[in-house]
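Peer 1: pasted the sequence and its predicted model underneath.
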Amino acid sequence: MEILFAIKSLNAVGGGAERVLAEISNGLAERGHCVSILTYDLPHGNSFYPLHRSINRIDLGIGNTEGSSTIFETLQRIISLRRTVVQANPDVVVGFMHSMFIPLGLALLGTKFPVIASEHIGVEHYRSHPYERLLLQLTPYITKKTTVISEKLRNGFNAPLRNHMVVIPNPVSVPEDNRNGRIKSGSTRKRILSVGRLVPQKDHQTLIEAYAMLADEFREWDLRIFGDGELRPQLETQVKTLGLEERIQLATTTPNVTEEYLYAQLFVNSSLYESFGLATAEAMTYRLPVVGFADCAGTNELIKHNHNGILVQGAHRAKVLADGMRHLMSSSELRQSLGNAGPSSMAAFSTEKICCQWEELLEKESS
């Protein structure tokens, strides 16, 4: 099958959707499908996440991929998308994120090419983006199907959108040789890990505040946050004001956080909401116990309280998060018990199983 995936950018610092696209594309390429990926990136760049050697990159080089596009750029992109897809002549086209599947669907109106929209954010995002919410209503009319990554995510949308959606979770995979326990470093210090964009949704401010409540009590524990985003200056100021520059590290996004999962003893997700919580799922496959909020969509579907992690709730977010962290930081036995339950909890999201679901959908909609 000739499959063309499309996404705004693969060269910029990657997020969850970009990583999922790379994972699915690689998996389908390994199964023998002819896979191409179309982006607005400048030609000859390097993908932030590694791609299978057989995958063909098509980079249009139109507009700024790291910011909002102008009306003129959008029109240029729609015209170029139509021309490029017609030339490529795939069996099916998949647009990742609304920034791609909306213009892609419009560009291919009246053509023979079936378009699949792949949505990776929840309705919470659209509540504060009315223009995007309006455009999203076009999806059932310009695409064949929309994939979403959980049933809860699907249920958050209105009936016309919901009836157009099919659930395919994100793939979660870890090399087999990285699943056999924590790395023992020469340091006596322990690590709390958090991975996610530095944006309001992830609420790292609350995580830093919670850690500050515990810093004196647990002097051997440090906090490492991996991510990039608009809130970096504010978070750096918060850390400095608390006098915890030596204990809290705000590191940049990395395409391979394997060693961080292996060196850490605890993973914390402080998000207000998640569509899936890919980093949380990955942490579980590395046998890390996890802490998150019970009212956080996405997180509460992955964490089973007192089985593979802890869910906290309460009006004072920082305090209840600190209490949950304290509970695990105080007991290596509990950390090991909850961590050991992680891999089996994530077995349903293996890359092999998720690629089978994608393959089935693409074959059905391209026929």
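Peer 2: In hand now; what should we look at?
Peer 1: wait, residue 15 touches residue 199, no?
Peer 2: No - the pair residue 15 and residue 199 fails to qualify as a contact (C-beta atoms under 8 Å) at a distance of 9.9 Å. Where C-beta positions appear, they are placed from N, C-alpha and C, glycine not excepted.
Peer 1: give the residues shared as contacts by those two.
Peer 2: Listed contacts common to residue 15 and residue 199 are nil; contacts here mean C-beta atoms under 8 Å, 6 or more residues apart in numbering.
Peer 1: measure residue 237 to residue 349 for me?
Peer 2: Relative to residue 349, residue 237 is positioned 37 Å away (C-beta to C-beta, to the nearest Å).
Peer 1: which regions of this structure lie under the pLDDT threshold?
Peer 2: With pLDDT under 70 as the threshold, the chain has low-confidence stretches at 13-14, 174-187, 255.
Peer 1: redo that, cut-off 80
Peer 2: 12-15, 66-68, 173-188, 254-258, 275, 367 (pLDDT under 80).
Peer 1: do a quick rundown of the strands in it.
Peer 2: In the chain, strands defined by DSSP state E lie at 2-6, 34-39, 56-59, 92-96, 115-118, 145-148, 165-167, 190-195, 221-226, 248-251, 266-268, 290-293, 309-312, listed in chain order.
Peer 1: got JSON lines for the ones you listed, with mean neighbour count too?
Peer 2: Compiled in JSON lines, those are given as follows (neighbours: other C-beta atoms under 10 Å):
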{"stretch": "strand 2-6", "mean neighbour count": "23"}
{"stretch": "strand 34-39", "mean neighbour count": "23"}
{"stretch": "strand 56-59", "mean neighbour count": "16"}
{"stretch": "strand 92-96", "mean neighbour count": "28"}
{"stretch": "strand 115-118", "mean neighbour count": "26"}
{"stretch": "strand 145-148", "mean neighbour count": "23"}
{"stretch": "strand 165-167", "mean neighbour count": "16"}
{"stretch": "strand 190-195", "mean neighbour count": "22"}
{"stretch": "strand 221-226", "mean neighbour count": "21"}
{"stretch": "strand 248-251", "mean neighbour count": "18"}
{"stretch": "strand 266-268", "mean neighbour count": "27"}
{"stretch": "strand 290-293", "mean neighbour count": "27"}
{"stretch": "strand 309-312", "mean neighbour count": "24"}
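Peer 1: which one, of those, ends up nearest to residue 277?
Peer 2: In this view, the strands of the chain are compared for proximity to residue 277 by C-beta to C-beta, and strand 290-293 is the closest at 7.5 Å.
Peer 1: run the chain-centre distance for that closest one.
Peer 2: In terms of C-alpha atoms, centre = their mean, to the nearest Å, the centre of strand 290-293 is set 16 Å apart from its chain centre.
Peer 1: what's in contact with it?
Peer 2: By C-beta under 8 Å, 6+ apart, the residues outside strand 290-293 that reach it are 266-272, 277, 280, 283-284, 299-300, 302-303, 308-313, 317, 321, 324-325, 328, 338, 342.
Peer 1: at 7 Å instead, please
Peer 2: When contacts are taken as C-beta atoms under 7 Å, 6 or more residues apart in numbering, the neighbours of strand 290-293 outside the stretch itself are 267-269, 280, 283-284, 299, 303, 308-313, 321, 324-325, 328.
Peer 1: and what of stretch 65-84?
Peer 2: Residues outside stretch 65-84 that contact it (C-beta under 7 Å, 6+ apart) are 8-9, 12, 38, 40-41, 58, 60, 62-63, 103-104, 106-108.
Peer 1: check contacts around the nearest residue to residue 149 once chain neighbours are set aside.
Peer 2: Computed as C-beta to C-beta, 6 or more residues apart in numbering, the closest residue to residue 149 that is not its neighbour in sequence is residue 276, at 4.5 Å. By C-beta under 7 Å, 6+ apart, the residues touching residue 276 are 149-150, 169-170, 298.
Peer 1: more neighbours: residue 15 and residue 199, which one.
Peer 2: Set side by side, residue 15 and residue 199 give different neighbour counts by other C-beta atoms under 10 Å, the larger being at residue 15 (20 against 16).
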